[in-house]
Structures are given as structure tokens and as C-alpha cells.
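Novice: Model the following, please.
(chains A and B)
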Amino acid sequence: MPLQPWMKLISVDDHLIEHPRVWQDRLPAKYKDTGPRIVEQPLGEGRPDAQVWVYEDRIYPYIGLNAVAGKKPEEYGLEPVRYDDMIPGCYDPKARVADMDIDGVEAMMCFPSFPRFCGTVFLEAEDKELALACVQAYNDFVLDEWCAAAPGRLIPIVILPLWDAQASVREIHRVAAKGAKGISFPDLPHALGLPSVHTDYWDPVFSAVEETGMPLCQHFGSGGATSIPQIAPDAPFAVMINLMGLNSMHATADWLFSPALHKHPKLKIGLSEGGVGWMPYLVERAGYVWRKHRYYQNINQDVEPLELFRKHFHGCFIEDDFGIQNRHIIGVERITWECDYPHSDSFWPGSRKRAAEAFADVPDDEVHQMVELNARRFYNLPAAADKPAAAGVAS
Amino acid sequence: MAPIDRIPADDWTDQDLLTKDEAGERLDDEIVTVTGELDRLRAAGIGPLEQDEVELLTRRLEAMKAARASFRT
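Specialist: All right, here's what the predicted structure looks like:
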């Protein structure tokens, strides 16, 4: 049977657009002029001004689009350049919940936009004291404003001051006490010039994550532009889109052959927007590699990658027919669902309908795990009220 | 103030946002679909099993119409 009415869709990968005053409302007065702020940027040629973020003395165009490598304003395309162009659900939590109700989604977790998926915009900061204040301000916005507007519907994930492990540890405990449920972490930190997961730099951070029980959420692409597959300059963008899961594969392989999971047995890792269909192959391949090649490398000699994968990881998908068909190899308990609102590749306003189609041939108990129960378990979310008896069925 | 070079640390994503125009078009399509579903249910006769579904569809339809109207203002 497909998606039942009492199954609540919990999406583990969505995004929010920060409203103009997120940082201006929270930073100390001495940082108002250098902290993130929205300014009007003329575009000329009879076009309305664009609203752009300015942080320290850097302009970040495209409030409506992540990525891009610093286009000049005259190169702006048709992407939304003003808040008025976007649907209010992008930046207004009340409107967000209304859109979730239309979409049939019970709860969602939202990654940042201006800070980038795990706060790496603050790595560029000249003033690291300001950068720390910005990280904390963002987290306070998520906890005290965005998610507070709809408790239980909007699930808080936070960012860290990645350049400072001890500051990250303090921030983890601070936000955990305020109710954070997940921590956004770069999928490939070494690509950002940060220590890799093969070093001991992150050990205090991972220990704090274990203590608080929050998963690390690694959104694909959060390792930055140098971490992604380097397609031919003349290749159509479809090539890149087709390879979107590779970052998640790379991140998983890094973890499986690092000492981190052996030192941190309670660490939970969520792979966001990378799909799940690739998991059986990657883990099988890791097993081959481990069996043949561990003896001459600094790799754990005793624990097979499959055991690590089953213990630590979960993934999610928007569309992944192969993954659903092979869910028993991946592990039904390792799979969660995502909506990716308000990105244009989401199925809004038909996410629930699309999910029903995807799960048409999947037994009820497995569907319920993948759309709701696994997310509740990984992110320590309260159990839903007992499901009502279906019409015509004796309770 | 001119944009300056940034470190290549942008998240990789082609994700653009739902604009009002695109969201409105999607709502237009879904409103037609749900209206058709309601018409079919009513034409087939609404018994106890269908009443809940009609109620949910009706509520969703009204919410979508309200959202659609808000995107036009």
C-alpha cells in the first residue's frame, strides 16, 4: 500500500532564505556596519535594483540563488534578486508552514543560504571575532525565531565556527541546550582548506556531537566549488547535475577509511541531497578495498566498512527509484525522505503526491520508517500522537 | 563598492528558488488537478469512506487558492 494518510512526512533537507535583519537584529552595535546586511544594488538598464548581501566589504549577489562564483551585477540573469520576487515561504516561517500544509509535509529541517550550507561564508572573514558572532547570531535566529514560530514543524539545524575546534565545541553545547537537533558540517572539509576527517583536529567536535546526540548533516556540495566533479568547460550542465551524488560518495569513503568513526562510536552522519541508490555499490566496493588493501595502509584492521556504514550513516532522497527498489540492501532503517523546498527542483505543491507514487509498491511499515520514523529516531524528534484507525478498520 | 574575488568556497548547487511566477504556475496546475479529483468523488457519491478525503481535499484546495491569490498581489 502507498503512503497512508496518518504517515507524517518529515523532510530532512530543505532550505531557508535569511531575511534582511537576521544579523542586524542580533550583532553588537560595533559590528552593525561590517556584519551581513542587505543593500540595494543598481542593475541599470531599467531593471529594479537587486538586493544583495554585503559582509565586511564583500558583495554576495543572488540572494535567490546559492553558489555562483561572484558574478558582477551586470551579469545577473533572471534569478530572483529581490525578496519580493520570492514566495514568502522562503523567508517567512508562517508562510513556510502554510506552504508545508499545502504540500502535505509535517516537518522539515532547513539549511542556511547566505552562510552557505554549513556556514562556510564565515571562513572568508577577516575578523574572526565578528565571524563567531555571526555564527551565533544565525543559530539564535534559527532557534529563537525561525523554528520557534512553528515548534515541531520546523526542526533546527545549526552551523559551527569551523575555523576553531574549541569554539565549535562551545557552540555545540550552547545550541544543544537551546534545542538544536542537527549540525551542518562540510561534506569534504579538506576542500575548504580545513583539516580532513583523517586528522585528529575534529576529535573534540565529534566528541561534543556524540555527547549531545545530534547528527552531523553533510549537504552535498558544502565542501565548496573545488570539491565537485570538474566537468569539461563545454559540457552541458546536465553532466554536473547527473553527478550530484558523487560528493556524498566521496564523503562516505572518507569516513569509512578514517579513524574518526572508530574513535567516535556514537557519531551519526546524515548525507543530505545525495540520494541513496549509490550506497550499496560504494559500501560493497569499500569492503573489497578493505579486504585487499588494509594491510599496508593506516586503516582499521578489524572492522569492515559495511559494519561502520550500518552503524553511523543515513541518507535521503527526493527521487531515487533504484534506491527504493534496493532499500533492503541499503537498510530501510538508513533511509529518510527530503522535500528540498524552496528550491525549484522540489515537487511543491505536490510533494506528498510524488512520495505516494514513489512508494506505491512498498509495504506500509517500511514506508512509515522512511518518511517519518527514521527521521524521528536520528534527530531525536518526539513521537507523533498515536495514528488514528483507518476508516472502516477496527482499532 | 564592486564585487571582489572570493575564495572558491561556494556551495555547489544549481538551486534557484521558487519565484512567485513559477510557484503560481504550479499552483494553477495543482488546483485544476484537485478540483478534478473532488468532482470525480462527488460524481461517484460521497459515502463515509470518502467524506474524510473530500474534507482534506477541500481544505487543501482552499489553501492553494489563497496562496495563489497572495502571489498575484
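Novice: and residue A:140, what helix or strand is that in?
Specialist: Per DSSP states H and E: residue A:140 is located in helix A:128-141.
Novice: mind listing the helices for the stretch 151-300 of chain A?
Specialist: Along the stretch 151-300 of chain A, counting by DSSP state H, counting those that start in this stretch, helices occupy A:165-177, A:203-212, A:237-242, A:246-256, A:260-263, A:279-293.
Novice: contact partners of the longest one?
Specialist: What that stands for is helix A:279-293. The contact list for helix A:279-293, computed with CB atoms under 8 Å, 6 or more residues apart in numbering or on different chains, reads A:249, A:252-253, A:256-257, A:299, A:304-306, A:309, A:313, A:315, A:323, A:326, A:329-330, A:334. Bear in mind the C-beta positions are built from the backbone N, C-alpha and C, glycine included.
Novice: Just the ones of the residues you listed in strands?
Specialist: Judged by DSSP state E, the subset of those located in strands is A:313, A:315.
Novice: wait, what's in contact with the residue lying closest to residue A:251 once chain neighbours are set aside?
Specialist: Using CB to CB, 6 or more residues apart in numbering or on different chains and skipping residues adjacent in sequence, the residue nearest residue A:251 is residue A:187, 4.2 Å away. Contact analysis of residue A:187 by CB under 8 Å, 6+ apart lists A:218, A:219, A:220, A:221, A:222, A:223, A:227, A:247, A:248, A:250, A:251, A:271.
Novice: cool, and residue A:304?
Specialist: Residue A:304 sits in contact with A:287, A:290, A:291, where contact means CB under 8 Å, 6+ apart.
Novice: just the contacts of residue A:187 now: which is nearest chain B?
Specialist: When those are compared for distance to chain B (CB to the nearest CB), residue A:221 wins out at 3.6 Å.
Novice: and that closest one, how many residues sit next to it?
Specialist: Neighbour count of residue A:221, defined by other CB atoms under 10 Å in any protein chain shown: 28.
Novice: so it makes contact with residue A:247?
Specialist: Yes - using CB atoms under 8 Å, residue A:221 is in contact with residue A:247, at 5.8 Å.
Novice: phi, psi of residue A:150?
Specialist: Backbone torsions of residue A:150, given as degrees, to the nearest 10, read phi -150, psi 70.
Novice: how about low-confidence regions in the stretch 201-350 of chain A?
Specialist: Counting by pLDDT under 70, the stretch 201-350 of chain A contains no low-confidence range.
Novice: quick one, which of the helices of the stretch 151-300 of chain A is nearest to residue A:132?
Specialist: Set against residue A:132 and scored by CB to CB, the helices of the stretch 151-300 of chain A come closest in helix A:165-177, at 6.0 Å.
Novice: Could you pull out the buried residues of that closest one?
Specialist: Buried residues in helix A:165-177, counted by 16 or more other CB atoms under 10 Å in any protein chain shown: A:165, A:167, A:168, A:169, A:171, A:172, A:175, A:176.
Novice: ok, for residue A:42, nearest residue in space, not its chain neighbours?
Specialist: residue A:49 (5.4 Å).
Novice: Same question for residue A:218.
Specialist: Leaving aside its chain neighbours, residue A:218 sits nearest to residue A:187 (4.2 Å; criterion: CB to CB, 6+ apart).
Novice: same check, this time on residue A:14
Specialist: Of all residues not flanking residue A:14 in the chain, residue A:108 sits nearest, at 4.3 Å (CB to CB, 6+ apart).
Novice: So that neighbour: helix, strand or coil?
Specialist: Secondary structure, DSSP: H, G, I helix; E, B strand; the rest coil: residue A:108 is strand.
Novice: and it, how far is that from residue A:307?
Specialist: Residue A:108 is 31 Å from residue A:307, where distance means CB to CB, to the nearest Å.
Novice: before we move on, what about residue A:356?
Specialist: For residue A:356, the distance to residue A:307 equals 34 Å [CB to CB].
Novice: could you say what helices and strands the helix holding residue A:140 packs with?
Specialist: helix A:165-177 (3 or more CB pairs under 8 Å, 6 or more residues apart in numbering or on different chains; DSSP states H and E).
Novice: In what element of secondary structure is the residue positioned nearest the centre of chain B found?
Specialist: With distances taken as CA atoms, centre = their mean, the residue of chain B nearest its centroid is residue B:27 (4.1 Å). Per DSSP H and E: residue B:27 is located in helix B:20-44.
Novice: Contacts for that helix next, please.
Specialist: Residues outside helix B:20-44 that contact it (CB under 8 Å, 6+ apart) are A:85-87, A:344, A:348-350, B:18, B:50, B:53-54, B:57-58, B:60-61, B:64-65, B:67-68, B:71-72.
Novice: May I see the buried residues of that helix?
Specialist: Within helix B:20-44, the residues scored as buried using 16+ other CB under 10 Å are B:20, B:22, B:23, B:24, B:26, B:27, B:30, B:31, B:34, B:38, B:41.
Novice: Tell me which residues are up against the next helix or strand after that helix.
Specialist: Sequence order places helix B:48-72 as the next helix or strand after helix B:20-44, per DSSP H and E. Outside helix B:48-72, the residues within contact range by CB under 8 Å, 6+ apart are A:5, A:87-88, A:98-99, A:101-102, A:104, A:349, A:391-392, B:20, B:23-24, B:27-28, B:30-31, B:34-35, B:37-38, B:41-42, B:44, B:46.
Novice: Could you do stretch A:226-244 as well?
Specialist: Applying CB under 8 Å, 6+ apart, the external contacts of stretch A:226-244 come out as A:187-188, A:191-192, A:220-221, A:246-247, A:250, A:273-275, B:8, B:12, B:14.
Novice: The residues you listed: which two are farthest apart?
Specialist: A:275 and B:8 (24.6 Å).
Novice: low-scoring stretches of chain B, by residue?
Specialist: B:1-15, B:49, B:73.
Novice: out of residue A:356 and residue A:307, which sits in the busier spot?
Specialist: Using other CB under 10 Å as the criterion, residue A:356 and residue A:307 rank with residue A:356 on top: 19 against 14.
Novice: Which helix or which strand is home to that one?
Specialist: helix A:351-358.
Novice: Before I go, just wanted to say thanks for your time.
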